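**Student:** I would like the atomic coordinates for the input below:
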Amino acid sequence: MKKILTALLTTMLIISSLSCVVLADTTGTCGNLSYSISNNEVTITGCNTSASGGLTIPSTISGYPVTSIGDKSFYNCESLTSITIPNSVTSIGNEAFYGCSSLTSIIIPNSVTSIGEAFAALCYNLINIDVDENNDNFCSIDGNLYSKDKKMFCHYAYGKKEETFILPAGVEVIGNRAIYRTETYPKKVILSNTVTTISDYAFAVCRSLEQIVLPNSLKTIGDCSFIYCSNLRSLTIPEGVTNVSKSGMNIPKLEYVNIPKSVIKRGPIGTSTNVVDVYYSGTEADWNNITRVTSADENIVLHFEEVRADFVNQHDSGYFSSNADDTFKEGVISFTTQIPNLYSFTSSDIDLFGMYIYKTGTSKSNRTKITSVSGQDLIDNKGWFYSFVTEIPLANFSNEIHALPYIIVNGETYFGDVISATVDGTNDFGDITTKPSFLQ
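**Tutor:** Numbering: from 1, shown residues only. This is a model prediction of the structure:
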């Protein structure tokens, strides 16, 4: 009997030992890839950073389907030029292809149902995130990644090298880390007038970003949305935004910000080392009622019931100074202006073209606004519309003025620059700069 019991115990121990080996043996390598197996499905967990050229992820490993590409699985595989994702994959993790700087395109198969944050961040040669047209969850517009219904902007293709990125109409949400850690491009971002939410870290560490145009439809700015955007010097938050969350305005070189009375909750503005002019449309009492979500240090100068009197969030205006010390004479001033070709439109799309004329320090409401314009001549020249000429009678201006041309196209307002000016047909101006003195 003892021998039988001993034999049974030995058999049980062997079976137990074999089970543990099977459970433990859930990781391995397949060529340059590392993987794990759980619930009879394979997740790619890593890749040899020395891998180069094209790499194909197999659809099965050890007889199990490859269903996931894990977080940071191809992190800094800088020599990979292409990665083929099988149609068995349903999820791609956060930062999965982060730093794959030689990748030029990624094809998302129709099987993928979830894609993590910043999955292709710092892929500086990536010009196209292509999505299978049969994918029910995602789509591609101009090489960038969007949700299938086009209401969420998910990820920017870092290799596009465009000065200005214009979000298409219909997008309502900017996803987490949608444009993250850029170095050179884009320099300017224009959000469509359908965007209501900027998610956490949406534009975090975008060192390339110099201007961002926020639409009137915006309601919420998430945590750390613009944190460490080191070249962003101004921010105009539109009326209607109620929440600028933790570190949403924690921008190291921020010089000024326009904040509407609608804001009821905010994080720190700028940093403790830079002075920021805050132009608040409400009263001091209104300001004191705003809830601070953190107590981080800030160094701000408050201006109540004011809005910064320029449009630097769009384009800098032309600045002119007369050669003489006297004031401008009565006469007619003609401006030749240029408006950025922000998207393709024709003269039939134009609702209005006009010009603001104002002195240094003039409030927005007190500007001279001219909307009756003759001689409109649209000439497309390398992305710019030229030859808008406006005649404006001058009176009671000092010896310096600012001029800001604008155009309203399909209900959207865009601002441009003045490239030349004359008074009564003669050039009576000194230097023409692209930035007014009060912005320098």
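**Student:** tell me the phi and psi of Cys159?
**Tutor:** Actually, residue 159 is Gly. It isn't Cys. Main-chain torsions, Gly159, degrees, to the nearest 10: phi -90, psi 10.
**Student:** mind listing what it touches?
**Tutor:** Residues near Gly159 by CB atoms under 8 Å, 6 or more residues apart in numbering: Thr104, Cys123, Tyr124, Asn125, Leu126, Ile127. Yep, even glycine has a C-beta here, placed from its N, CA and C like the rest.
**Student:** for the residues you listed, which one is nearest Asp223?
**Tutor:** Proximity of those to Asp223 (CB to CB) peaks at Cys123, which lies at 24.7 Å.
**Student:** and the closest one, how far is that from Asp71?
**Tutor:** 16 Å (CB to CB, to the nearest Å).
**Student:** what about the two, which has more around it?
**Tutor:** Cys123 (26 against 17; other CB atoms under 10 Å).
**Student:** go ahead and confirm the more buried one touches Glu95.
**Tutor:** No - Cys123 is beyond contact range of Glu95, at 10.7 Å (criterion: CB atoms under 8 Å).
**Student:** in the stretch 201-350 of the chain, which spans are helices?
**Tutor:** Assigned by DSSP state H, counting those that start in this stretch, the stretch 201-350 of the chain shows helices spanning 284-288.
**Student:** low-scoring stretches of it, by residue?
**Tutor:** 306-350 (pLDDT under 70).
**Student:** okay, the spatially closest residue to Thr49 that is not a sequence neighbour: pLDDT?
**Tutor:** Nearest residue to Thr49, sequence neighbours excluded (CB to CB, 6 or more residues apart in numbering): Cys77, at 5.4 Å. Cys77 is assigned a predicted lDDT (pLDDT) of 97.
**Student:** with the one 3 residues further on instead?
**Tutor:** Note on Leu80: pLDDT of 96.
**Student:** need the contact list for Ile107.
**Tutor:** Thr84, Ile85, Asp130, Val131, Asp132.
**Student:** over to Ala51?
**Tutor:** Asn32, Cys77, Ser79, Leu80.
**Student:** swap in Gly70?
**Tutor:** Contacts of Gly70 by CB under 8 Å, 6+ apart are Ser36, Thr43, Ile44, Thr45, Gly46, Gly93, Ala96.
**Student:** what's the helix or strand for the fourth one?
**Tutor:** Read it as Thr45. Using DSSP states H and E, Thr45 sits in strand 41-47.
**Student:** so which elements touch the helix or strand following that strand?
**Tutor:** Counting by DSSP H and E, the element after strand 41-47 in chain order, helix or strand, is strand 53-56. Applying 3 or more CB pairs under 8 Å, 6 or more residues apart in numbering; DSSP states H and E, we find strand 53-56 packed against strand 80-84.
**Student:** now do the SS call for Val89.
**Tutor:** Put simply, Val89 is coil when judged by DSSP: H, G, I helix; E, B strand; the rest coil.
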